[in-house]
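# sequence first, then the predicted structure, then my questions.
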Amino acid sequence: MTVYNINRGIGWASSGVEYAQAYRANLLRQVGVDIKFIFTDMFRMENIEHFTRNIGFNDDEIIWLYSYFTDFKIAPTTYTIKELESTFPSDKWRTKAEEKMIRYYFDELGVYANAYLRFKDRDIVQRVEYVSRGKLIRKDYFTYGRLFSEYYSPVNNEAHVYMRRFYNEDGTEALVEIIDNDTDVYKIGNRTIFSKPRFIAYFISCLNLKEDDILIIDRATEIGQAVLREHGKAKIGSVIHAEHYSENNVTDHTILWNNYYEYEFSHADQLDFFVASTDAQAVIFRQQMEKYKNLHPKVVTIPVGSLNELKKPAGERRKHAMITASRLASEKHIDWLIRAAVEAHKTVPDISLDIYGSGGEEAKLKAMIELMKAGEYIHLKGHQKLDEIYKDYEAYVAASTSEGFGLTLLEAVGSGLPMIGFDVHYGNQTFIAPDENGYLIPYDKSSSTDEKIALLTKAMVRLFTEPDLKQFSQKSYEIAGEYLTDKVVDRWRRLITELMEG
């Protein structure tokens with residue numbers, strides 16, 4: 001049997017969905033089943049393998065929609081400058097080197113090529129752009145060979161991609177994608193497929209899923225209909241990663257589902273199971289399915305992550321040091337934490353806040369820290385592996401007003417950190433025991449930003465002036481104990497056994 005997991009994209013700064021998938025991969029390896037993780041987005045500027053390996057997947061666990069129809073394996077980019085130069089149409093060229101790019105001039109042909117390198121000081125070529133008489137005509141993309149090419153024509157004085165051609169290892173054509181504005185046409189041998197959703201559906205049919213296979217949907221957008229139509233006899237389920245409905249749009253007769261899950265929920269009778277990450281969400285979802293759809297689906301609670309061990313500091317923690325970790329996105333409200341830390345600093349002079357993560361808000365947050373003259377005690381630390389870092393701090397703080405589970409919250413309690421967060425579904429309510437390992441701050445959507453920041457400030461000051469932090473830390477370790485890997489592996493093993501036994 002194989003457990004397939006299907007999603008759209010992945011990147012260097014992945015969302016919680018991709019991190020949850022990486023955790024799941026580790027758990028399912030321990031269950032002892034074959035696993036595959038499918039990604040359906042188009043990856044151009046970076047080899048998908050670099051993203052997936054960075055987050056913890058093995059190469060043989062990855063299926064990329066586009067390379068599936070070739071005989072290329074998922075692998076890091078290793079194509080060399082020497083290999084590239086052997087393909088040039090002329091042996092007469094001159095070069096100009098930049099930091100991670102070499103430009104080849106073929107003066108007799110009126111052509112130049114920009115070869116973009118993967119590393120600054122190594123001769124590994126990621127992609128090449130060919131320009132003829134000032135017009136971009138083609139881009140080639142490499143892993144251990146040329147995986148695909150893009151072809152361009154000028155439209156309104158801009159380069160317009162009109163075709164992609166994917167190759168087998170021997171250079172023969174495996175797949176062609178013809179691009180005409182918003183319309184994509186795919187050609188595989190003698191088969192022509194009109195539209196990306198139909199292409200995905202054909203791909204799923206090619207998997208030849210069997211009765212003892214399981215297909216888990218992580219994101220249904222653009223994928224859901226194809227999965228439900230082509231999964232055959234395989235068991236099919238959905239993992240709920242975030243808040244699954246809009247609380248402001250619920251009446252006695254209607255409910256507005258999160259658009260990421262709307263397709264699965266609207267066709268819940270066709271799915272074999274749903275996985276919620278917390279008991280609270282599982283209970284709410286069962287009640288809603290019964291009330292609004294008169295259904296009683298199989299809903300199980302399995303945390304999206306687990307802890308291999310509890311992390312304890314070798315010495316004393318950094319006094320009054322706070323940590324937060326997330327994508328630097330507006331919905332995480334990192335700016336609230338910065339303002340609250342600045343206010344708390346007036347009462348607790350040695351307080352500090354380290355912010356881990358990357359994202360679109362980084363420049364804004366950096367400017368904010370500089371404007372508030374808080375650079376000595378508030379730091380942007382970037383994206384880092386945090387396994388051994390949490391335990392050096394005295395507290396974890398979060399200002400997000402919506403978390404499906406909160407992997408960073410789990411990792412924080414696993415390092416014994418006292419916690420501060422708003423009283424919102426579901427992660428904070430799962431990992432914060434009020435007045436036992438931290439503070440759940442009352443959350444009122446109608447209150448002003450200043451009022452929310454004032455409550456965060458009060459909680460920070462209170463945490464470092466009133467309770468016994470060692471007792472709070474011990475309670476966090478106690479909560480974390482329920483999420484040790486062997487316990488979560490057992491939950492997956494039970495679910496798989498139940499599905500196979502019907």
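Happy to help now that I have it.

# so, low pLDDT: which residues of the stretch 301-450 of the chain?
For the stretch 301-450 of the chain, no stretch has pLDDT under 70.

# show me where it has its strands.
Using DSSP state E, counting those that start in this stretch, the strands of the stretch 301-450 of the chain run over residues 321-325, 352-356, 378-382, 395-397, 419-422, 438-441.

# can you list those strands in TSV and add distance to T40?
From N, CA and C alone the C-beta is placed, and that goes for glycine too. Listed next are the strands of the stretch 301-450 of the chain as TSV, based on distance: least, C-beta to C-beta, whole Å:
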stretch	distance to T40
strand 321-325	28
strand 352-356	29
strand 378-382	29
strand 395-397	34
strand 419-422	34
strand 438-441	38
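
# format the ones you listed as CSV; extra columns: distance to R146 and mean neighbour count.
Shown next, in CSV, are the strands of the stretch 301-450 of the chain (distance: least, C-beta to C-beta, whole Å; neighbours: other C-beta atoms under 10 Å):
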stretch, distance to R146, mean neighbour count
strand 321-325, 39, 23
strand 352-356, 38, 22
strand 378-382, 34, 16
strand 395-397, 47, 26
strand 419-422, 49, 27
strand 438-441, 54, 23
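
# what's Y68 sitting at in phi/psi?
With angles defined as degrees, to the nearest 10, Y68 sits at phi -60, psi -30.

# quick one: the closest residue to it other than its chain neighbours and A433, what's the gap?
Computed as C-beta to C-beta, 6 or more residues apart in numbering, the closest residue to Y68 that is not its neighbour in sequence is F203, at 6.2 Å. Distance of F203 to A433, given as C-beta to C-beta, to the nearest Å: 46 Å.

# and H425, by the same measure?
For H425 relative to A433 (C-beta to C-beta), the value is 16 Å.

# what is the three-state secondary structure of the residue nearest to Y68?
helix (DSSP: H, G, I helix; E, B strand; the rest coil).

# quick one: contacts for it?
For F203, the contact set (C-beta atoms under 8 Å, 6 or more residues apart in numbering) comprises 40, 65, 68-69, 226.

# and stretch 38-51, which residues are buried?
38-41, 43, 46-51 (16 or more other C-beta atoms under 10 Å).

# got the contact list for that stretch?
So stretch 38-51 is contacted by 4-12, 14, 52, 59, 62-67, 74-77, 126-127, 141, 143, 150, 200, 203, 222-223 (C-beta under 8 Å, 6+ apart).

# at 7 Å instead, please
4-12, 59, 63-66, 74-77, 141, 143, 200, 223 (C-beta atoms under 7 Å, 6 or more residues apart in numbering).

# any of these buried? List them.
The buried subset of these (16+ other C-beta under 10 Å) comprises 4-10, 63-66, 74-75, 77, 141, 143, 200, 223.

# among these, name the ones in strands.
4-7, 63-64, 141 (DSSP state E).

# ok, these vs L440, which is closest?
Nearest to L440 out of these is N7 (C-beta to C-beta; 31.5 Å).

# do I have it right that the closest one meets D218?
Yes - at 4.3 Å, N7 counts as touching D218 under the criterion of C-beta atoms under 7 Å.

# what is in contact with these two at once?
Listed as contacting both N7 and D218 by C-beta under 7 Å, 6+ apart are 17, 21.

# now P313: how far from F472?
Where F472 is concerned, P313 sits at a distance of 14 Å (C-beta to C-beta).

# those two: which has the busier surroundings?
Per other C-beta atoms under 10 Å, whichever of P313 and F472 has more neighbours is F472, with 22 against 16.

# next, the contact list for the more buried one, please.
Going by C-beta under 7 Å, 6+ apart, F472 touches 418, 437-438.

# I'd like these as a markdown table, with distance to R493 appended.
Formatted as a markdown table, the contacts of F472 follow (distance: C-beta to C-beta, whole Å):
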| residue | distance to R493 |
| --- | --- |
| P418 | 33 |
| N437 | 29 |
| G438 | 32 |
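
# which of these lies closest to L256?
G438 (31.9 Å).

# wait, that closest one touches L417, no?
No - contact between G438 and L417 fails when scored by C-beta under 7 Å: they sit 8.3 Å apart.
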